[in-house]
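Visitor: return atomic coordinates for the entry below.
(one chain, ligands or ions: 2)
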Amino acid sequence: MLPSGRVDQPPKIDCIETLPIPNVPDRLKIMSESPAAIRETALPLPLVARGKVRDVYETPNGLLIVATDRLSAFDVVFDDPIPLKGEVLTRLSVWWFEQTRGLVGNHLVSDHPEVDLGLLQKFPELRGRCILGRRAEVLPVECVVRGYLEGSAWVQYRDSGLVCGVPLPPGLRRRQRLDHPIFTPTTKAAAGHDLPMTFAEVVEVIGLEAAEFVRKTSVDLYRFAHDLLLPKGIVLSDTKFEFGRVGDEIILVDEILTPDSSRFWEADTYVDGADARSFDKQYVRDYVESIGWDKRPPAPRLPREVIQGTTRRYTEILELIAGIKIVNREEDVS
Ligand SMILES: Nc1ncnc2c1ncn2[C@@H]1O[C@H](COP(=O)(O)OP(=O)(O)O)[C@@H](O)[C@H]1O
Ligand SMILES: [Mg+2]
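Guide: Ligands and ions are numbered 1, 2, ... in the order given. Now for the predicted structure:
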C-alpha cells in the first residue's frame, strides 16, 4: 500500500496556457488549480485498480482514470511525487489520442470527466489529470517498439546479438538508429519486472490475428510519432503501447507517447552512439544509479533539485510536442 494522500509541495505552478498551435482544443486554455503534488487519490467511487501511476475508478459511463504524480523507476514507486507529472501525462496522452485516431481507435471518451462528474469542487487537484476511458480487457503484452538501440534492447544485443529472439546485424553501437523500427514485446507483470517475449510467445498468449494487429499497429504508431517529432527537435528512441479488447475491436488503452512510456532525446544533443539529453525518466534513473541504489525497494528519497528537474523535463516535452505550456507563475514574476 502506498502512504496516504496528498503531499504538500511548494505551490509553485498554477496556470496553464496554450500556444497557438492547431489541434489544441480551446478547453485546454484553463487555469490549473492543482498546485500540490498528488501521491494518491481517495474518491467516493469504487476503486478498480491502483497502478504504479494511475488510480482507476468505476463510473456508470466507463473508467475514471486519474494520473497521480507518482514516479516509478526500475518498477519501484518512489515516495516523492513529481509536481505536475500526472497532468503532463494526461494532457499529452489526450493530444496523441486525437492525433492517432486515424491509425487506431482508443479508449478516450472524455478528457474532462472530473468536470462532468462534479468532482472538482471537492477535489480541485483532479483538474487536468483525468480521463474517462472505455473499459477494455487489457491484453497481457506490453507492445514496445524501438527505432534505436538503447535500454534493455542494448543489453540483450550486447550479450547475445539478439533482441527478443530476433538477430540484429553485428557491430551496432549503443543508441544507434536501426534500419527499421523493431517490435520488442514484453510480459505485463503484475509485480516486478517485465520480461522480453518472442513474437511466437505473443501469438501463444493472445492469438495470431491479435498479435499481428498489435505488432503492425505499434510499428505504424511509432513511425507516425517519430516522423512527427523529428522536425520538432525530438528523437523518439522507443515507446510502449497497451491494447485492450472491447467486443471484437482492439483499441489503444492507458497512456500513449508520454515521457513515462517513451524515451525522448533532444535532437540537437543526439549524436550517433553518444549521449543525448533526455526528456524522460532517464534523468531520475541516472540520479539513482549515481548514488548506488541497488534498484530494490524501498526507493531512495529524491533531492529537491532532482524533483524540480524532473518536473521541468516533463513540462518541457509537453510544450515541445503539443504546444501546451504550463507556466510557473513564480518564475514568471521574477
Ligand atoms: N481502458 C482501459 N480498460 C481497462 N483497464 C485499463 C484501461 N486503460 C488502462 N487500464 C489499466 O489501468 C491501469 C493504469 O494504471 P498504471 O499506473 O498506468 O499501471 P501500471 O502500473 O501497469 O503502469 C493499468 O493496469 C492499465 O492496464
Ligand atoms: Mg500504465
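Visitor: how about the helices in this structure?
Guide: 85-99, 113-116, 151-160, 199-206, 208-229, 282-290, 304-322, 329-333 (DSSP state H).
Visitor: and the stretch 51-200 of the chain, which residues reach ligand 1?
Guide: For the stretch 51-200 of the chain, the residues in contact with ligand 1 (CB under 6 Å from any ligand atom) are 51-54, 56, 63, 65, 107, 133-136, 138. The C-beta positions use only the backbone N, C-alpha and C, and glycine is treated the same way.
Visitor: do that again at 5 Å, thanks
Guide: 51-54, 56, 107, 133, 135-136, 138 (CB under 5 Å from any ligand atom).
Visitor: hmm, which two among the residues you listed are most spread apart?
Guide: The largest distance within those, taken as CB to CB, falls between K52 and R135 and amounts to 19.6 Å.
Visitor: now what about stretch 88-105, what contacts it?
Guide: Applying CB atoms under 8 Å, 6 or more residues apart in numbering, the external contacts of stretch 88-105 come out as 23-24, 28, 53, 67, 106, 108, 111, 128-131, 217, 220-221, 224-225, 228, 249, 251-252, 255-260, 314-315, 317-318, 321-322, 324, 326.
Visitor: neighbours of the residue lying closest to Q156 once chain neighbours are set aside, how many?
Guide: In space, and not counting its chain neighbours, Q156 is closest to V163: 5.0 Å by CB to CB, 6 or more residues apart in numbering. Using other CB atoms under 10 Å, V163 has 22 other residues around it.
Visitor: OK, now which residue of the stretch 51-200 of the chain is nearest to ligand 1?
Guide: G51 (2.2 Å; CB to the nearest ligand atom).
Visitor: count of neighbours near that residue?
Guide: 14.
Visitor: and it, how far is that from F183?
Guide: From G51 over to F183 the distance is 23 Å, taken as CB to CB, to the nearest Å.
Visitor: below-threshold pLDDT in this protein: ranges please.
Guide: Within the chain, the segments meeting pLDDT under 70 span 1-35, 273, 327-334.
Visitor: quick one, which of the contacts of stretch 88-105 are buried?
Guide: 24, 28, 53, 67, 106, 108, 111, 128-131, 217, 221, 224-225, 228, 251-252, 255-260, 314-315, 317-318, 321-322, 324, 326 (16 or more other CB atoms under 10 Å).
Visitor: correct me, but C130 touches G62?
Guide: No. C130 is beyond contact range of G62, at 11.5 Å (criterion: CB atoms under 8 Å).
Visitor: please produce CSV containing the residues of the stretch 51-200 of the chain next to ligand 1, extended by distance to T100.
Guide: Below are these laid out as CSV (distance: CB to CB, whole Å):
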residue, distance to T100
G51, 22
K52, 24
V53, 21
R54, 20
V56, 22
H107, 12
G133, 15
R135, 20
A136, 16
V138, 18
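Visitor: of these, which is the nearest to L84?
Guide: Looking across those and measuring by CB to CB, the closest to L84 is V53, at 13.3 Å.
Visitor: report the contact partners of the closest one.
Guide: So V53 contacts 67-68, 70-72, 86, 89, 260 (CB under 8 Å, 6+ apart).
Visitor: now the phi/psi pair for it, please.
Guide: Main-chain torsions, V53, degrees, to the nearest 10: phi -120, psi -40.
Visitor: okay then, goodbye and thanks.
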